[in-house]
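Asks: Return atomic coordinates for the entry below.
(one chain, ligands or ions: 2)
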Amino acid sequence: MVALQQLPSSGGDKTNDETLFGLIAQDLENQGYSIRHGALPEGLAMSLFEHQQDLASEAFKKAGIGRGENYLENEFVRTDEICWINGDAEAGKNWLDWTANLQSFLNRRLFLGLFSFESHFAHYRPGDYYKRHYDAFRGEANRVLSVVAYFNSDWTVADGGELVLYKDDHDKQGVKVMPLFGTLVTFLSEEFPHEVLAAKRDRHSIAGWFRVNTSVFDRVDPPL
Ligand code: OGA
Ligand code: MN
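Replies: Ligands and ions are numbered 1, 2, ... in the order given. Reported below is the predicted structural model:
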């Protein structure tokens, strides 16, 4: 008898992934956002968490608002530190492969026309927060779909640091999400203002954005 082997952490389980992607697509269709606990494949989540721990803190930069020339460090809005994921490390590459599968699934199922993806690790130290904001502005940005994944074991209500997703500008209550290990949140970037409440413990996550292609004439955006 050959002992049953665990799936390697890098190799995704296509059937499980497609089941999850189907549920996310349904959530997005019904309500514009999706909150799925324990969604990230365990092996992928573990390796991302370990990689994030290994990254020297100098790889993290104080997070700024906007990009390029509009990049602005703004303590008033956010205080976390970030590190962009480029796929050089195995864990980051596996994450980019997995999100690429999500992208093509959603394009097939919902015709979203998602074209590219960018993402970063984020580290919130105790006291860090990210005030209410949109990830994209209507008619201006080309960020279409936001995705956030969390890597915090044994998180409790007392640890704060919830993501609060608001239905619109007038919603004061919102939906609170604990940043629990393996939780995946997906939402339409232009539709939902959201914030991160001050964390009382170190809080680890990845935030990412799928974009549509907004190339006009000879200007290519996002850069290839
Ligand atoms: C962001 C963001 C949410 C979170 O980085 O834009 O809203 O829960 N992050 O980390
Ligand atoms: Mn955001």
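
Asks: helix/strand/coil for Phe121?
Replies: Classification of Phe121 by DSSP: H, G, I helix; E, B strand; the rest coil places it in strand.

Asks: ok, it to ligand 1 distance?
Replies: 10 Å (CB to the nearest ligand atom, to the nearest Å). Every C-beta, even on glycine, is put in place using the N, C-alpha and C of the backbone.

Asks: Which strand residues bridge that residue?
Replies: Phe121 has these beta-bridge partners by DSSP bridges: Cys83, Ile206.

Asks: Ser34: which element?
Replies: Per DSSP states H and E: Ser34 is located in strand 33-36.

Asks: scratch that, Gly92
Replies: In the assignment (DSSP H and E), Gly92 maps to helix 90-110.

Asks: May I see the buried residues of that helix?
Replies: Residues 91-92, 94-96, 98-99, 102-103, 105-106 are the ones in helix 90-110 that count as buried (16 or more other CB atoms under 10 Å).

Asks: Nearest to Ile35 among these?
Replies: Checking the buried residues of helix 90-110 against Ile35 with CB to CB, the nearest one is Leu102 at 15.2 Å.

Asks: rewinding a little: buried sites along the strand holding Ser34?
Replies: Of the residues in strand 33-36, those buried (16+ other CB under 10 Å) are 33-35.

Asks: what residues does the helix holding Gly92 touch?
Replies: If you take CB atoms under 8 Å, 6 or more residues apart in numbering as the criterion, helix 90-110 is touched by 9-10, 12, 17-18, 21-22, 24-25, 28-29, 41, 44, 47-48, 50-51, 85-87, 112-114, 117, 119, 145, 147, 206, 208, 210.

Asks: make it 7 Å
Replies: Helix 90-110 has contacts (CB atoms under 7 Å, 6 or more residues apart in numbering) with 10, 12, 17-18, 21, 25, 28-29, 44, 47-48, 51, 85-87, 112-114, 117, 147, 208, 210.

Asks: Helix or strand next in line after the strand holding Ser34, which one?
Replies: helix 42-54.

Asks: after that next one, next one along is what?
Replies: strand 61-62.

Asks: What mean pLDDT does that next one get?
Replies: Strand 61-62 shows an average pLDDT of 72 in the prediction.

Asks: Tabulate the buried residues of helix 90-110 (CSV), appending distance to ligand 1 and pLDDT.
Replies: CSV is the format used below for the buried residues of helix 90-110 (distance: CB to the nearest ligand atom, whole Å; pLDDT from 0 to 100):
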residue, distance to ligand 1, pLDDT
Ala91, 18, 96
Gly92, 17, 96
Asn94, 20, 97
Trp95, 15, 98
Leu96, 17, 98
Trp98, 18, 98
Thr99, 15, 98
Leu102, 17, 98
Gln103, 18, 98
Phe105, 22, 97
Leu106, 19, 97
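
Asks: Check the offset of the strand holding Ser34 from the chain's centre.
Replies: Centroid separation between strand 33-36 and its chain, computed with CA atoms, centre = their mean, to the nearest Å, is 11 Å.

Asks: just checking, what packs against it?
Replies: Secondary-structure packing of strand 33-36 (3 or more CB pairs under 7 Å, 6 or more residues apart in numbering; DSSP states H and E): helix 14-31, strand 184-188.

Asks: could I get the buried residues of strand 33-36 as CSV with distance to Leu184 and pLDDT?
Replies: As requested, the buried residues of strand 33-36 are exported to CSV (distance: CB to CB, whole Å; pLDDT from 0 to 100):
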residue, distance to Leu184, pLDDT
Tyr33, 11, 98
Ser34, 8, 98
Ile35, 8, 98
